[in-house]
Every structure is written in C-alpha cells, then in structure tokens.
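Asks: Sequence first, then the predicted structure, then my questions.
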Amino acid sequence: LEPVGPRRAERLPGQLRPRPLGFLEPRLVLFLLLVHAALFVSDVLLDPYATRLFGWTLAGTTQLGGLWALGSLLGLGLSLRGGASRARLLGCLCTALGYGLLALLPFTRLPLPLPLVTVGLGIGGGLVQAWLAEQIGRRCCGDHLGEQAGGWGAALVLTRSLGLAAAGPLFDLPHRLLGLAPAPAFAVAFTAAGAAALAGLLLPLPARPQNEASTAQATGGSPHLLSDDQPRAHRAHRQPAAGRRQADERPPRERPGGGR
C-alpha cells in the first residue's frame, strides 16, 4: 500500500542533473585571468615601448603586431608536435621569458633585436591558446554544447579585454604616480605580465573525473573524458552491452525446406 499524495521521483546517481556551466572550474578561470589576459598586454605597450626607448617611427611599429601574429602561428604549429601539458608548459615559459627580455632590453642592451623578441612572445601566446583550445574541445560536449561554447567564448573575450585594459595602468601607475622614467615604468609593467604568465605553471588545474556518474554530474558531457594532462592513449574503450551480438555473429536464418 502506498500513501495518498504525489509521488517523489527517486534520483539515481547516474541521473543527476548536469550543470551547464560546470566546465568553468574556478582554477581554470583563474588561469584565464592570469595567463590569457597577460598575453594581450603587449598589444598596448609594444608600440610606445618601441617609439620611446628605441626611436622607432609610428609606421615602423606596425610590423610588431604582424610579428606577434607570425609567432602565434608558429606556436600553434609547435603545439601539434607535443601533448597538452607540454604546450601549457612551453607557452607559459616562452611568454614569461619574452616579457622578461622586454623588461631588460633598455638596461642591458642585449644583442637581441626587438622583432626577434616579439616573435618569441607570440610563440608563447600561440602555445597557450592551443592548450586552451584543447581544453575547450574536451569540455564542450553533451546536451549543453551551445551553452558551454558560449560560456567559453565569453570567458576568452572577457579575459582578453581585461588584459588590454590592464596594460595602460601597468605603465601609467609607476610612470605618473611614482614618477619613474619610461624605461623603469615599462620594466615594471612587463615584469608584472611575465609574473602572471609564470604563475600559470604553478597553478594546479582540477583533474577531470573519469567515472560516468561523476563526469555526467560535473560537466553534463561525455563520461569518457580524461584528466587535463592525461594522454589520450590511456582512454578506456567502451565494451558493448551484454547480450548484444555483432551482425557477423548472428546465425543464418533457415528457410522452409532446409535451405539457407
């Protein structure tokens, strides 16, 4: 006998409602705010850096953006040679090294041309963005594909805008408020951007769950995704359900009269 009244539907572990934006883990958002935003500080500071400290003309600085884009394409190509964890490691290191060289060039007069440093900075940016694209591909799946892709696009646009907006204050605060000369002010700005990129190496990213129930609950996507830095070769293959037979294993039908 059952009591009179509405029945409450039982919630099984495998039927938990997925969270559409569950792929935006807090530590991954922090990586976007630090590393992805730091990539675009150079878009604002490279032109005045070249004109004030190295005497470049305004028309001559237009090639720096093209050189950064060329380095970014080279970084995307290099990411195809290694795994996701290697792209993240090399991308953060190249970005931090590029900003460090930009901070030191006015003081040490290193025999490194500015275009070469700009290409190296772009290579780091390309590697980081390739790693982020790989993360997007792993997380955008399932019934909430549109919401996940839209959330990723909004996160990337937001952090890129934050990097562009933060570039000006990084230079203006030490230059105008502290009274530093242009060279030390640029050094402070590029050092801060390089430190943010280097922090991406120390930031532990959350491991992706591999069992079906926890993955479906966390992401709402495919239950056969791996952890962020686990190679794809370790992916477990799905076995066909018990009792399901392949087409070639079915016995031939016998026709009436003994024929097949």
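Replies: Yep, it's here. Numbers count the residues shown, from 1 in each chain.

Asks: mind checking which helix or strand Gly75 is in?
Replies: helix 62-79 (DSSP states H and E).

Asks: Show me what that helix is in contact with.
Replies: For helix 62-79, contacts defined as C-beta atoms under 8 Å, 6 or more residues apart in numbering pick out 42-43, 46-47, 50, 87, 90-91, 94, 114-115, 118-131. No exception for glycine: its C-beta is placed from N, CA and C like everyone else's.

Asks: Over to stretch 105-116?
Replies: Ala50, Leu53, Phe54, Gln63, Leu64, Leu67, Leu101, Leu104, Val117, Ala183, Phe186, Ala187.

Asks: which of those residues has the most neighbours?
Replies: Greatest neighbour count in the contacts of stretch 105-116, by other C-beta atoms under 10 Å, goes to Phe186: 25 neighbours.

Asks: if I read this right, it contacts Phe54, doesn't it?
Replies: No: counting by C-beta atoms under 8 Å, Phe186 does not reach Phe54; the two are 11.0 Å apart.

Asks: Output the below-cut-off pLDDT ranges for this structure.
Replies: 1-24, 82-85, 142-144, 206-260 (pLDDT under 70).

Asks: Please go through it and pick out the longest helix.
Replies: Once the chain is assigned using DSSP state H, the helix that runs over the most residues is helix 145-172.

Asks: Can you tell me which helices and strands it packs against?
Replies: helix 37-39, helix 41-54, helix 114-139, helix 182-202 (3 or more C-beta pairs under 8 Å, 6 or more residues apart in numbering; DSSP states H and E).

Asks: what do you get if the cut-off is 7 Å, keeping everything else the same?
Replies: Contacts defined by 3 or more C-beta pairs under 7 Å, 6 or more residues apart in numbering; DSSP states H and E place helix 145-172 against helix 37-39, helix 41-54, helix 182-202.

Asks: For the spatially closest residue to Leu132 that is not a sequence neighbour, give me its contacts.
Replies: Spatial nearest neighbour of Leu132, excluding adjacent residues (C-beta to C-beta, 6 or more residues apart in numbering): His36 at 6.7 Å. Contact analysis of His36 by C-beta atoms under 7 Å, 6 or more residues apart in numbering lists Val128, Leu132, Leu156, Thr159, Arg160.

Asks: Which of those residues ranks first by neighbour count?
Replies: Val128 (27 neighbours).

Asks: Quick check: Leu33 vs Leu39, distance?
Replies: For Leu33, the distance to Leu39 (C-beta to C-beta, to the nearest Å) stands at 12 Å.

Asks: who has more neighbours, those two?
Replies: Legend: neighbour count by other C-beta under 10 Å for Leu33 and Leu39, higher for Leu39 (26 against 16).
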